[in-house]
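# Fold the stuff below for me.
(one chain, ligands or ions: 3)
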Amino acid sequence: MKRKRSAALLFTKVLAVGFALALATPAPAPASLAAPLQPTAHDDFRVTATSAGHDIGTFARSATVIEFSAVTKGAVSAQVTLSVGGKTFTASKNIATGDARWSGGNASLQPDDRLALTAFTSALESKWIKAANAAKTPIPLHRDLTARLAMLLAEAPVGTKIGTQNVPRPVEQYGKQKRPDSSIAVESCLKEGAFATVPNSPERSAMIAACQESNEDGILYTGCNVNAWVVHDADSHCFLGETIYVGPASSDCMGKCGGGCFIITGYTYDCADHDRCGREHGGSTNPWDSECGDEYWEADDDFLWSTNQCD
Ligand SMILES: [Ca+2]
Ligand SMILES: [Ca+2]
Ligand SMILES: [Ca+2]
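Numbering: from 1, shown residues only. Ligands and ions are numbered 1, 2, ... in the order given. Just a heads-up that it's a prediction; the model follows:
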């Protein structure tokens, strides 16, 4: 039932409450108001301006400072700018038209940048995503996109220039990649090629380069806690298919887009391919991670558009 109140009475009450609060609340120290924002502590997350439709702030991990600015426009589109150690990355997404774009303006990320971004995604998960889930409220689009861009950048191949990528929303599919009959692992490389060349020779490198394959699956969900047929290639071997256990019950959430078990993204084949490649050929600070560059680019649509199917 709605109760009517006189506007004058309400105004008087608001004034009275405000006055009482002003008396009861100690004034903040002038120094904290005047201090410029210079985060220096470990994993220091600060929001300097916020509303339902935007957030601006900083995150610092050791010497690396990330500045973020994110805005939702018209309820269906969002724009995010992340400055990582002075390098600017942007993303935009429109869920009505299915358009998305992200760019680094040809900047490249170094191991320290990636470690800061990984810590930043953890902060976003606890401050924004888990908080929204606990309150059973939807995650604002600009916060969702901030987290997805941070996760994507956290896994960018070290030293690789990041230009502008157009990533329209692909058709989301569900199902299984066909596994070759009665095989545990299959490498496409011709045995004759391996026998005919010497390890670590230019001829062997050329032979392996010739047996790399692209494998863009759009967004194809693996399902949850299943054996999936995943594929990758690298500088040291040809296109290789293997059966890997993926899902929330697997080690470190194998197949989930983004590091670890971050809540918002899905378990997909392209992210499983990239995860497997990263585990075999390099962790977050390993420069050889560039071997998984093709798997990375094939997964960017999964990072930006996939949704969690398993929790
Ligand atoms: Ca993909
Ligand atoms: Ca590869
Ligand atoms: Ca793939």
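
# Look through the protein and state the residue closest to ligand 1.
At 3.8 Å from ligand 1, Asp270 is the closest residue in the chain, using Cβ to the ion. To be clear about C-beta, it is placed using only N, CA and C from the backbone, and glycine gets the same treatment.

# Which residue, other than its chain neighbours, is closest to that residue?
Distances taken as Cβ to Cβ, 6 or more residues apart in numbering place Ala299 nearest to Asp270, at 4.2 Å, with adjacent residues excluded.

# Same question for Thr243.
In space, Thr243 is closest to Asn227, 5.1 Å off (Cβ to Cβ, 6+ apart).

# Look up which residues are beta-bridged to the one you found.
As for beta bridges, Asn227 partners with Tyr245 under DSSP bridges.

# Neighbours of it, how many?
Residues near Asn227, counting by other Cβ atoms under 10 Å, number 15.

# Repeat that for the one 10 residues further on.
Neighbouring residues of His237 were enumerated by other Cβ under 10 Å; the total is 18.

# That one touches Glu187, doesn't it?
Yes: using Cβ atoms under 8 Å as the test, His237 is close enough to Glu187 to be in contact (6.2 Å).

# how far away is the residue nearest to Asp270 from Met207?
Applying Cβ to Cβ, to the nearest Å, the value for Ala299 to Met207 is 26 Å.

# So between the two, which is more surrounded?
Ala299 (29 against 18).

# and that one, what element?
Element membership of Ala299, judged by DSSP states H and E, is helix 293-305.

# Kindly report the same for Ala123.
Using DSSP H and E, Ala123 sits in helix 111-124.

# So for the helix or strand that that helix is followed by, what gets flagged as buried?
Once the chain leaves helix 111-124, the next helix or strand it forms, by DSSP H and E, is helix 130-134. Neighbour counts over helix 130-134 (16 or more other Cβ atoms under 10 Å) mark Ala132 as buried.

# what's the next secondary structure element after helix 130-134?
With elements assigned by DSSP H and E, the helix or strand that comes after helix 130-134 is helix 141-154.

# packing partners for that following helix?
Applying 3 or more Cβ pairs under 8 Å, 6 or more residues apart in numbering; DSSP states H and E, we find helix 141-154 packed against strand 54-61, strand 64-73, strand 77-84, strand 87-94, strand 99-107, helix 111-124, helix 293-305.

# which of the ones you listed sits most buried?
helix 293-305 (a mean of 24; mean count of other Cβ atoms under 10 Å).

# Would it count as contacting ligand 1?
Yes: using Cβ under 5 Å from the ion, helix 293-305 comes into contact with ligand 1 via Glu298, Asp301, Asp302.

# Is that helix positioned near ligand 2?
Yes: applying Cβ under 5 Å from the ion, one finds helix 293-305 touching ligand 2 at Asp294.

# Within range of ligand 3, give me the residues from this protein.
Within the chain, the positions lying close to ligand 3 (Cβ under 5 Å from the ion) are Asn215, Asp217, Asp270, Asp273.

# Try it again at 6 Å.
Within reach of ligand 3 by Cβ under 6 Å from the ion, the chain has these residues: Asn215, Asp217, Tyr269, Asp270, Asp273, Glu298.

# Could you turn the buried ones of those into a ChimeraX selection?
Buried subset of the residues of the chain next to ligand 3, written as a ChimeraX selection, criterion 16+ other Cβ under 10 Å:
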select :215,217,269,270,273,298
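
# any chance of the residues of the chain next to ligand 3 in TSV, plus distance to Ala119 and secondary structure?
Below are the residues of the chain next to ligand 3 laid out as TSV (distance: Cβ to Cβ, whole Å; DSSP: H, G, I helix; E, B strand; the rest coil):
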residue	distance to Ala119	secondary structure
Asn215	31	coil
Asp217	30	coil
Tyr269	28	helix
Asp270	25	helix
Asp273	25	helix
Glu298	26	helix
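
# for stretch 244-255, which positions count as buried?
Neighbour-count burial for stretch 244-255 flags Ile244, Val246, Gly247, Ser250, Cys253, Met254, Gly255 (criterion: 16+ other Cβ under 10 Å).

# I meant stretch 134-151, not that one.
Judged by neighbour count using 16+ other Cβ under 10 Å, the buried positions of stretch 134-151 are 139-151.
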